[in-house]
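Enquirer: need a 3D model of the following:
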Amino acid sequence: MKYYIVTNRNIITVNGTEQIDTTNDGVCTDNLRFATFDSAETDATKYVLIPDKDNAVAGSNKPTGQYYFNAAEPVKTGSEKFFGDLAGDMAADTGGDLLVFIHGFNVDWAGGIDDLRAVENCFAANGSPVKHLLLFSWPSCASLLRYKSDFQDATTAGITLGRCFQLFSEFLTEAFGGQQAQLTACGNKIHLLCHSMGNHVLQNMYGKITADGNKYHNVFEEIILAAADVDNNLFESGLTFNSLNNLCRRIHVYCNRNDLALKFSAKYENPMKRLGSDGPANMNLVPSHVYVIDCTDAAFKYDPSLQSRIIQHSYFTDVPEVSRDIYTVLLGTADEHITNRTAVSDIKYRLNLSY
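Expert: Next up is the predicted model:
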């Protein structure tokens, strides 16, 4: 499978060739670059970096007027090539839905690709409508001791990703006449999955686009917030996620009361409880089309490694009950029809154990 990658990592030049800085220096830039990666490749540095628009083939004309599809620019580069290739892949006979993944804290370049492999195995196989994957790789320091640094970098990365979202919307406008609800006329869907501090990236991405006065509706079909390392009151009036449901058809919050990583975050770094621990602070204030899935029991039983059993933070791919539930959500199944759950309320469910 071809992985699509968006990154705000630093770009360095080695022997005259541009490369993504894949080290763990945590250099966070406001520049967006685009790449692809063959999932069959075992070396995480064997990506293909798309030339930047400002570094196109010598002598080519810089476009005027429309940013995309400019006849004076025969060599496609940057976001135009990236989004154009992705649109073509999705519209092909073998095309399908796109799942966008934002990784969390303590994840380096290679770790982000490994996480995307796990996402592929869980959500893009066995007849899944998801046929394409996109990773946003932000420069985490990949160290448990650099939480505060990662938190700040995730803030910057979210603002930069907000710019990428706006570029994407410009592409949709020029390519498909502003059909923001779908990438192509074939009707394939776009989903968003955020893990851990990747939810903080989303928080700042959405804050960026709303602060700029942009009002986007139904760009995503499903938004999945897994082990979210953000304040648990964000869905309340006046806060960032209160209108996030405008961006999609449904939102699912997956939480685990025994998530040690989020307990650490809440105790030592953030003054409020985490959304991924107990879910929203006040269920009565949660907007419509937001569903909460309590994974505590399932995560406690099924985490496969010693580290996971202690931390219980990557259960969205590690625990079969959770990954199956997310898979069913991506199929578009109505929540009241998803099995292996116990309804706590109209919008909250407890994931059951499977024996």
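Enquirer: check what pLDDT the nearest residue to residue 199 once chain neighbours are set aside gets.
Expert: Counting by C-beta to C-beta, 6 or more residues apart in numbering, residue 199 lies nearest to residue 228, which is 3.8 Å off, once chain neighbours are set aside. From N, CA and C alone the C-beta is placed, and that goes for glycine too. On the pLDDT scale, residue 228 is placed at 97.
Enquirer: residue contacts, residue 228?
Expert: 194, 196, 199, 253, 255, 274-276 (C-beta atoms under 8 Å, 6 or more residues apart in numbering).
Enquirer: of those residues, which belong to strands?
Expert: Judged by DSSP state E, the contacts of residue 228 include 194, 253, 255 as members of strands.
Enquirer: residue 21 and residue 14 touch, don't they?
Expert: No: the pair residue 21 / residue 14 is not scored as a contact, 10.0 Å apart, by C-beta atoms under 8 Å.
Enquirer: who has more neighbours, these two?
Expert: residue 21 (17 against 8; other C-beta atoms under 10 Å).
Enquirer: how much space between that one and residue 119?
Expert: 24 Å (C-beta to C-beta, to the nearest Å).
Enquirer: again with residue 131
Expert: Distance of residue 131 to residue 119, given as C-beta to C-beta: 13 Å.
Enquirer: of these two, who's got more company?
Expert: Set side by side, residue 131 and residue 119 show more neighbours around residue 119, with 23 against 17, by other C-beta under 10 Å.
Enquirer: give the contact list for residue 7.
Expert: 20, 32-35, 136-139.
Enquirer: would CSV of the ones in strands among the contacts of residue 228 with pLDDT and distance to residue 172 be doable?
Expert: Formatted as CSV, the ones in strands among the contacts of residue 228 follow (pLDDT from 0 to 100; distance: C-beta to C-beta, whole Å):
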residue, pLDDT, distance to residue 172
194, 98, 21
253, 98, 27
255, 97, 32
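Enquirer: each with direction, which strands does the strand ranked longest in the chain pair with?
Expert: Longest among the strand segments of the chain by residue count, using DSSP E, is strand 28-38. The pairing partners recorded for strand 28-38 under DSSP bridges are strand 2-9 (antiparallel), strand 48-49 (antiparallel).
Enquirer: mind listing what's buried in the longest one?
Expert: Buried residues in strand 2-9, defined by neighbour count with 16 or more other C-beta atoms under 10 Å: 3-9.
Enquirer: show me which residues of whatever helix or strand comes next after that strand are buried.
Expert: Proceeding C-terminally, strand 2-9 gives way to strand 11-14 as the next helix or strand, assigned by DSSP states H and E. Neighbour counts over strand 11-14 (16+ other C-beta under 10 Å) mark residue 11 as buried.
Enquirer: mind starting the numbering at 536 from now?
Expert: Got it, first residue is 536 now, which makes that one strand 546-549.
Enquirer: how far off centre is strand 546-549?
Expert: 26 Å (C-alpha atoms, centre = their mean, to the nearest Å).
Enquirer: now the element after that strand, going C-ward?
Expert: Past strand 546-549, the next helix or strand by DSSP H and E is strand 552-555.
Enquirer: tell me which other helices or strands that next one touches.
Expert: Identification of packing neighbours for strand 552-555 by 3 or more C-beta pairs under 8 Å, 6 or more residues apart in numbering; DSSP states H and E yields strand 546-549, strand 583-584.
Enquirer: now tabulate those strands in CSV and tack on mean pLDDT and distance to residue 881.
Expert: Formatted as CSV, the helices and strands packed on strand 552-555 follow (pLDDT from 0 to 100; distance: least, C-beta to C-beta, whole Å):
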stretch, mean pLDDT, distance to residue 881
strand 546-549, 93, 48
strand 583-584, 97, 47
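Enquirer: determine which of those approaches residue 562 most closely.
Expert: strand 546-549 (9.4 Å; C-beta to C-beta).
Enquirer: run through who's touching the closest one.
Expert: Residues contacting strand 546-549 (C-beta under 8 Å, 6+ apart): 553-556, 564, 566, 568, 587.
Enquirer: among those residues, name the buried ones.
Expert: 555-556, 564, 568, 587.
Enquirer: just flag the most distant two among those.
Expert: Greatest spacing in those, by C-beta to C-beta: 556 and 587 (14.8 Å).
Enquirer: thought residue 759 was touching residue 785?
Expert: No: using C-beta under 8 Å, residue 759 is not in contact with residue 785; the gap is 9.1 Å.
Enquirer: who has more neighbours, these two?
Expert: residue 759 (26 against 19).
Enquirer: look up how far residue 880 lies from that one.
Expert: 19 Å.
Enquirer: now residue 888
Expert: From residue 888 to residue 880 the distance is 20 Å (C-beta to C-beta).
Enquirer: tell me which residues are up against the host helix or strand of residue 741.
Expert: Taking DSSP H and E as the definition, residue 741 sits inside helix 733-746. Applying C-beta under 8 Å, 6+ apart, the contact partners of helix 733-746 are 636-639, 671, 673, 686, 689-694, 696-698, 700-701, 727, 729, 751, 760, 763-765, 769, 775-776, 778-779, 782, 810-811.
Enquirer: which residues touch the residue nearest to residue 768 when sequence neighbours are not counted?
Expert: The shortest distance from residue 768 to any non-neighbouring residue, by C-beta to C-beta, 6+ apart, is to residue 816 (4.4 Å). Residues near residue 816 by C-beta under 8 Å, 6+ apart: 767-768, 771, 807-808.
Enquirer: cool, and residue 566?
Expert: 543, 546, 695.
Enquirer: low-confidence stretches in this structure?
Expert: 561, 589-610, 677-681, 712-721, 837-845, 890 (pLDDT under 70).
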